[in-house]
Every structure is written in C-alpha cells, then in structure tokens.
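# build me a model from this:
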Amino acid sequence: MRLPCEVEVRSCHLPTLGLKSRGKGVRAVVSLCQAPSKNELQPGARTETSGCACLLVSTMKDRQGTRYRLRENIEQLFTKFVDEGKATVRLKEPPVDICLSKANPGNLKTFLSAMRLAHRGSDVNTSLSTLKPVKTSEFEKFKTKMIITSKKDYPLSKNFPYSLEHLQASHCRLARVDMRMLCLKSLMKLDLSHNCIKKLPATIGDLTHLQELNLSDNQLASFSVPLCKSTLQKSLQSLDLSKNKIKALPVQFCQFRELTNLNLNDNELIHLPFKIGRLTNLRFLSAARNKLRNLPCEFKMLSLEYLDLFGNTFEKPEVLPIINLQVPLTLLEACEQSVLSYRIPYGPDIIPYHLCQDLDTAKTCVCGRFCLQSFIQGTTTMNLHSLAHTVVLIDTMGRTEAPIISYFCSLTCFVNSSDMLK
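Next up is the predicted model:
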C-alpha cells in the first residue's frame, strides 16, 4: 500500500533544544511494507514478528527509503486536518514526527487505519508493498503543475493528478468549468483563459487554497454572488476577468478582502462595485476599455500602486445634485442606520432578505454616517494620482482626473462640502 504525498520527518527533541524544524516537506512515497525477515536484516538488528507491517518513507534522493517499525511504536496520530490531506504520525522509537501533507484525503484515511492495525499487531486488511526501491515513475505521478494549450491535449479519459497546484487549460474550447478540476484540493493557480466559458459554478469556492484565477477571454456575462461568499474570500489574491462580457459586478464582490491584483479590461462595465473601498489589499487595478461613466464614492479609499482606466466613457460632473432627503427620517431608515453604525450583525436568518440588501448597499456620507433612502448625491472630480502611484491616462487628452460620486446624509454636510462640487 503506497501513498504519494509530501513528508517532513522532524525530531521530537527539537523544541527542548530551542530549535525549529525546517517546516517544509519533500515529495515522497510512503508505503506500508511487510517487515523484513531475519535473513534480510543486518547482524544485530531487531527482528519483527512475521506478518507485521513497517512504514517506509522514500524520496527521489533516497529511493531505498527509511524504514520505521510500527508495532507498539506509534505514540500518537494527529488527524485533525485529515480532510485537507494532512496528518502527523508520532513514533516512540526513534522519537520523530512524520508529517504528511498534500495527500488524497480518502487514501490518507485508509492508510492511517492500516497503520493503527499495524501498531496493535493486528492483520492489516490491505495488500502490503515490498521493500524494493520506489520507481522513478511513482514520483512522476506526483505532479504539481500541468499546462494544456490545445484541445487535442486535453485529458478526456483520465483524471487530473490529485496533487496539482497549478493547472492551465487554455485554448481548449471549454464551454464550462470541468467538474474534475474542482476535486483538486491543493490547487493554488487555475488558468482557464481563452475558452468559451459562459458561467462559473459556485463550487469553485471549494478550492480552499486557490490564490490565482485567470478567466480572461471567455464569454462570462456575470459573476455569481455565491462565489463571492465562498472560502475564496480568504485565499484569492489575483483575479483576471478581462475580455469578457461582464456589465456589472455584485456588491458582494468586495468581500474578496485578500485580492491584490484585479484585471477587468475589455468588458462592458457601466460601473464598479460601490463598496470597492473594502478591497483594502488591492494594489493593481485595470478596468480599461469599459463603459464606466463615473467612479463610486468609496473608490477614493483605495491605495494602489497601479491604476489603468483608459478608454472609458467618463461623463462631465453634473452641475445640479440629486436631492432625495426625507425629514424627519423614517423609522426604518433610522433603525438601519443604527444597525450599521453600531455594527450589529445581521443576515437573512435574522431579518428579511430585502432589508439585508438595503444594508449591503448603504452609502457612506463624507462625514462618515450612512445613507440609505435619504441622501443628496453630487459629483466631484478626483485626481487619480491621489490614490495610485502609477496612473495610466484616462484618454488621449492626457487627463488623469475622473468624476466620482459623493453622497451627503444632510443639507448641512452638502453645504459644508459645496466647494468640492462642480
């Protein structure tokens, strides 16, 4: 029985010596093998009872592998993260921790069950491997990167290697995301550019380690809300949606708090998510050649290194503001403002869904208060150099200024800021 994974063997004495482990595993094949007979051991070596299993850890540098006794020799098994393909085996002799990672969770569970039986001296209900050196081909199965650039090379009859961390499937004429890709739990980079994908499954959010997602040059017309609420909120750092047909992004898109690089070039965007200021880690933003008329109020909260808004249809600031004040405030408005001001948790399981939508789309006044149904809307002009180190000119006239929408919760805030309006 063999398990391809990454392995780190570290001494249990390191903490007592004030030392830290290297903290990084190497590609290996871990095997449950039949314990060697007395004739196979070196003179003076300890023999094992016939039928017992031992653990063999083989790497590319040491294909012969290192053998560890299992019977009554496992001090503890750490299996809290077994569903993520991780586990640690602590041995008594020698006193080491064998840390396994990037393994198939199902195979890992079976492997650990067999190890428990071997520790107790029971018969292992699986076939045991031999103590022969592991073939080089066994390590080749443990691929972490696969690049496919044509339809004829796309695998149809066999699965993707489970250990993949980087998968590129470009120019393959894919009409949808292959569900087999969503089983690659170690995937960190997924490139599906230059295909014909029209819709994204929300289950992409199950790729908990995904950091880079490239969907450039497809036929996407929208970006799903469930995907914005998935575990990608904590992992996704780079997203390329350029050369699609997206007209708007949902307000929930701004929940990708770890996003540092966002490419929206060559779409049909009429506006950016007005909560875009919540993307506090965003450093590179490209939204060139869209149909943007103005920028949302929270855009000025960004702190970017690079900004490209060239080729948009920015309008001149409106001379007259839009006044939609309600005096006094309705009870509903006052309650919604209190929920936001005091950061009271809310959700569709607590209050009606339409009220959640109102709270999610609340505007922020220049004074910091929140506006929902009662507000004054005005347009100002902002120099983009105030929020980005490098700015691409927005048109051929050499301008770096763009109109930005501002909201005011009261007439007082509007008058105090009237010198900003044009």
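
# all helices of this structure, in order?
Counting by DSSP state H, the chain has these helices, from start to end: 105-120, 136-140, 225-228, 331-341, 353-360, 411-416.

# would you single out the least confident of those helices?
Between these, the one with the least mean pLDDT is helix 136-140; it has a mean of 64.

# the helices of the chain: which one's closest to residue 235?
Proximity of the helices of the chain to residue 235 was assessed by C-beta to C-beta; the nearest stretch is helix 225-228, lying at 12.6 Å. Where you see a C-beta, it was placed from the backbone N, CA and C, and this is true even at glycine.

# buried ones in stretch 230-244, by neighbour count?
Buried residues in stretch 230-244, counted by 16 or more other C-beta atoms under 10 Å: 230, 232-233, 235-244.

# swap that for stretch 265-274, please
Quick answer for stretch 265-274 (16+ other C-beta under 10 Å): 265-267, 269, 271-274.

# what's in contact with that stretch?
241-251, 253-254, 286-299, 308, 361, 363, 405 (C-beta atoms under 8 Å, 6 or more residues apart in numbering).

# narrow the residues you listed to just the buried residues.
Among those, the ones that count as buried by 16+ other C-beta under 10 Å are 241-244, 246, 248-251, 253-254, 286-290, 292, 294-299, 308, 363, 405.

# grab the nearest non-local neighbour of residue 347.
Setting aside the residues directly before and after it, residue 347 is nearest to residue 356 in space (C-beta to C-beta, 6 or more residues apart in numbering), at 6.5 Å.

# measure that neighbour to residue 252 for me?
As for residue 356, its distance to residue 252 is 11 Å (criterion: C-beta to C-beta, to the nearest Å).

# okay, these two: which has more neighbours?
Neighbour comparison, residue 356 and residue 252: the larger count goes to residue 252, with 18 against 15 (by other C-beta atoms under 10 Å).

# let's see the pLDDT reported for the more buried one.
For residue 252, the model assigns a pLDDT of 89.

# for residue 361, see how far away it is.
Using C-beta to C-beta, we find residue 252 at a distance of 10 Å from residue 361.

# again, but for residue 330
Taken as C-beta to C-beta, the span from residue 330 to residue 361 is 17 Å.

# and what of residue 129?
When distance is defined by C-beta to C-beta, residue 129 is 59 Å away from residue 361.

# likewise for residue 7?
Relative to residue 361, and taking C-beta to C-beta, residue 7 is found at 50 Å.

# rewinding a little: just put the helices of the chain in a markdown table and tack on distance to residue 92.
Formatted as a markdown table, these follow (distance: least, C-beta to C-beta, whole Å):
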| stretch | distance to residue 92 |
| --- | --- |
| helix 105-120 | 10 |
| helix 136-140 | 29 |
| helix 225-228 | 47 |
| helix 331-341 | 57 |
| helix 353-360 | 55 |
| helix 411-416 | 71 |
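
# looking at these, which is closest to residue 385?
helix 411-416 (25.3 Å).

# now that closest one: buried residues?
Under the neighbour-count criterion of 16+ other C-beta under 10 Å, helix 411-416 has 413-414 buried.

# contacts for it?
With contacts defined as C-beta under 8 Å, 6+ apart, helix 411-416 is touched by 321, 325, 365-367, 376, 378, 408.

# from those, keep the buried residues only.
When the contacts of helix 411-416 are checked for burial by 16+ other C-beta under 10 Å, the buried set is 321, 365-366, 376, 378, 408.

# sketch out the low-pLDDT regions of the chain for me.
Where the chain drops to pLDDT under 70, the residues are 16-23, 36-51, 125-127, 130-131, 136-142, 318-319, 418-422.

# can you tell me the closest non-neighbouring residue to residue 295?
Here the residue nearest residue 295, using C-beta to C-beta, 6+ apart, is residue 404, at 4.5 Å.
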